[in-house]
Structure formats: C-alpha cells, structure tokens
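Participant: please work out how this folds:
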Amino acid sequence: MSVLPSKVTLVDVGPRDGLQNESAPVSTDAKVELVHRLQSAGCREIEVTSYVSPKWVPQMADNHAVMSGVRRAPGVRYSVLTPNMKGLDAALLDRPDEIVVFGAATEAFSQRNINCGIEESIERFRPVVAAALAAGIKVRCAVSCALGCPYQGEVTPDEVERVVVLMKGIGVQHCGIADTIGVGTPRKAQAAIERALKHFPLHEVSGHFHDTYGQALANIYACLEMGLHTFDASVAGLGGCPYAKGATGNVASEDVVFMLDGLGIETGIDLGRLVDAGAFISGVIGRPPVSRVARALLSKRAVA
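Facilitator: Purely as a prediction, here's the structure:
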C-alpha cells in the first residue's frame with residue numbers, strides 16, 4: 001500500500017474561479033468577507049481575483065477593490081490570475097503573492113477560446129512571467145483540459161506534457177494539472193500528473209479537479225497515492241462547468257477536507273468554519289452549497 005502524505009495544502013479558488021462563473025453581480029464586500037472567512041477557517045492559499053477585461057469577465061471588474069479590502073493575515077498567500085501584461089501591470093499594484101497563467105492542453109480548446117494555437121498562447125505569457133519573476137512574485141500555471149477537452153474529446157499524456165514543457169520553458173515555477181470539464185478518472189489523473197512530475201518537483205505540482213462526473217475525490221485520492229500534496233478546491237463547490245450545462249464545477253473544499261480529515265491528513269483547516277464560509281457565500285448568491293458534506297453538516301445543525 002502506498003504511503004499517503006501527512007499534510008496537504010489546499011488552494012481555495014472559490015473567490016476567483018468559483019465566483020467568476022456567477023452571472024448575477026456579487027458585491028465587493030461579499031467577496032472580501034469570503035476571503036476573510038476562508039483565512040479564519042485556516043486556509044493558507046487563496047485565489048482571490050483575476051485581472052482580466054471587465055468586458056469579458058464583468059464579475060472580476062472590482063479586482064483592485066477586493067485586493068485592497070482584504071485584511072492580509074500572516075502566513076496566508078494570495079494569488080491572482082493575470083492573462084496578459086495589462087493584467088499583470090494592474091495586479092502588481094495590489095502586491096499578490098503569486099500570479100496564475102493558463103494554457104490549454106489541446107489545440108482545439110486554445111483556438112476556440114483565445115483564437116490562437118498553444119505555442120502562441122504560451123509565448124504571450126513569456127513577458128508576463130518574466131515581469132512577475134523580476135518583481136519577486138511566484139508564477140503558477142494551470143494546464144487546462146488536461147484530462148479531456150469539450151471539442152477534441154480524449155487528451156493524451158503526451159499532449160499534457162507538451163504544455164508542461166512549454167510552461168517550464170518560459171520560467172513558470174509551479175504546474176497545476178486541471179481537469180476543466182471533470183471527465184477524468186483516477187488512472188488518467190495519475191498519468192497526467194506523472195508527466196508534470198518529470199519536469200517539476202513534487203512540491204511544485206498540484207491537481208485541480210472538477211466534479212462534473214463525480215470523480216473529483218477519487219482523482220484526488222489517486223494523486224495522494226503518488227505523494228501529491230497540493231490541490232485546488234472551491235468552498236461550497238462554487239463554479240459551474242461552462243461546457244456541461246447545469247453541471248457542477250470545482251470540487252468542494254468541504255468535501256476534500258472531510259476526506260482528508262478522515263485519512264488523518266493535516267490541512268490546518270477547521271471544517272466547521274469552512275462550512276460557515278460556504279454557507280455565507282451560498283446565502284449571498286441565493287442557492288445551497290453544492291458540497292455534500294456542507295449540506296449534511298448544515299442539516300445536522302438545523303435539527304440539533
């Protein structure tokens with residue numbers, strides 16, 4: 001039997017990746033409050049916002065106000081998404097601890113979403129990465145659609161590795177493997193992670209799994225068996241899947257923490273407070289948490 005890691009770092013992407021999919025505006029105050037509640041629950045890595053054109057992602061138009069409103073806690077790292085130099089220049093004023101860039105694992109996805117091929121998209125990030133590193137800011141990448149593509153279908157480990165190598169070549173320091181449409185299964189997840197581990201050390205590789213087909217926890221466990229100890233998750237399961245109508249998106253942080261607690265793996269996160277944070281933002285957006293653990297615990301509280 002493989003030895004699982006004793007400690008896992010969760011990156012809560014709810015404030016950025018989760019909320020950006022919400023069509024109704026979420027107030028700046030609510031976003032700031034969510035970050036405060038997450039850090040109070042013990043989250044030490046929080047993806048706060050993105051510096052993208054408000055024309056394309058109006059939900060993130062208040063990036064500066066959100067970053068300015070957050071009372072930073074010692075030991076917490078705040079990351080932001082910056083797709084281009086304009087975004088990075090704006091982000092640098094708000095002093096993030098880390099920036100995130102995205103590259104698709106398939107030409108089909110890259111062409112359909114940003115109208116250019118993979119290599120050209122990575123070259124666009126080259127000056128962004130260089131400028132961030134020069135400013136002393138860590139750079140993380142995500143390889144999206146690594147386990148399946150809405151346009152191409154199957155994605156091979158070779159295709160994933162190609163993007164991993166390109167990202168490494170422009171100076172990216174951490175590589176996230178993302179199952180953007182949630183079609184991956186455990187062996188596929190392991191195969192993709194294996195390719196990332198050929199080029200990045202274990203502590204600089206992470207998994208980002210969507211739960212569209214109910215496989216996220218199984219995929220996380222499969223990666224734990226490989227020693228992987230950094231994962232993205234989203235409080236309350238915030239974030240839909242734009243390529244599978246009505247489907248869930250990001251794996252819920254509460255569900256991941258519950259599983260890790262049961263395995264005796266340390267996260268530093270208080271599950272009760274995390275459920276409170278999820279209940280808060282779910283109330284703001286007007287629907288119950290997607291997290292099964294949150295629903296179960298909130299129901300239990302209601303009858304206690």
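Participant: using CSV, list the CA coordinates for the helix or strand bottoming out on mean pLDDT in the chain.
Facilitator: Ranking every helix and strand in the chain by mean pLDDT, DSSP states H and E puts helix 107-114 at the bottom, with a mean of 89. Provided in CSV are the C-alpha atoms of helix 107-114 (Å, rounded to 0.1, in the frame of the first residue of the first chain):
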residue,chain,number,x,y,z
GLU,A,107,-5.1,23.0,-29.9
ALA,A,108,-8.9,22.8,-30.3
PHE,A,109,-9.6,24.4,-27.0
SER,A,110,-6.9,27.0,-27.4
GLN,A,111,-8.2,28.0,-30.9
ARG,A,112,-11.9,28.1,-29.8
ASN,A,113,-11.2,30.1,-26.7
ILE,A,114,-8.4,32.6,-27.4
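Participant: which helices and strands does that helix pack with?
Facilitator: If you count contacts as 3 or more Cβ pairs under 8 Å, 6 or more residues apart in numbering; DSSP states H and E, helix 107-114 packs onto strand 98-104, helix 118-134. C-betas here are computed from N, CA, C, even on glycine.
Participant: and the contacts of that helix?
Facilitator: Contact with helix 107-114 is made by 103-104, 116-118, 121, 144-145, 149-152, as judged by Cβ atoms under 8 Å, 6 or more residues apart in numbering.
Participant: list the buried residues for that helix?
Facilitator: Buried positions in helix 107-114, judged by neighbour count with 16 or more other Cβ atoms under 10 Å: 107-111, 114.
Participant: chain center to it: distance?
Facilitator: Counting by Cα atoms, centre = their mean, to the nearest Å, helix 107-114 is centred 20 Å from the centre of its parent chain.
Participant: give me the angle between that helix and strand 98-104.
Facilitator: Using axes from the mean of the first three to the mean of the last three Cα atoms, to 10 degrees, one finds that helix 107-114 and strand 98-104 are set 120 degrees apart in direction.
Participant: circling back: go through the helices and strands packed on helix 107-114 and pick out the most buried.
Facilitator: Highest mean neighbour count among the helices and strands packed on helix 107-114 (mean count of other Cβ atoms under 10 Å): strand 98-104, with a mean of 24.
Participant: so which strand or helix has residue 190?
Facilitator: Assigned by DSSP states H and E, residue 190 falls within helix 186-197.
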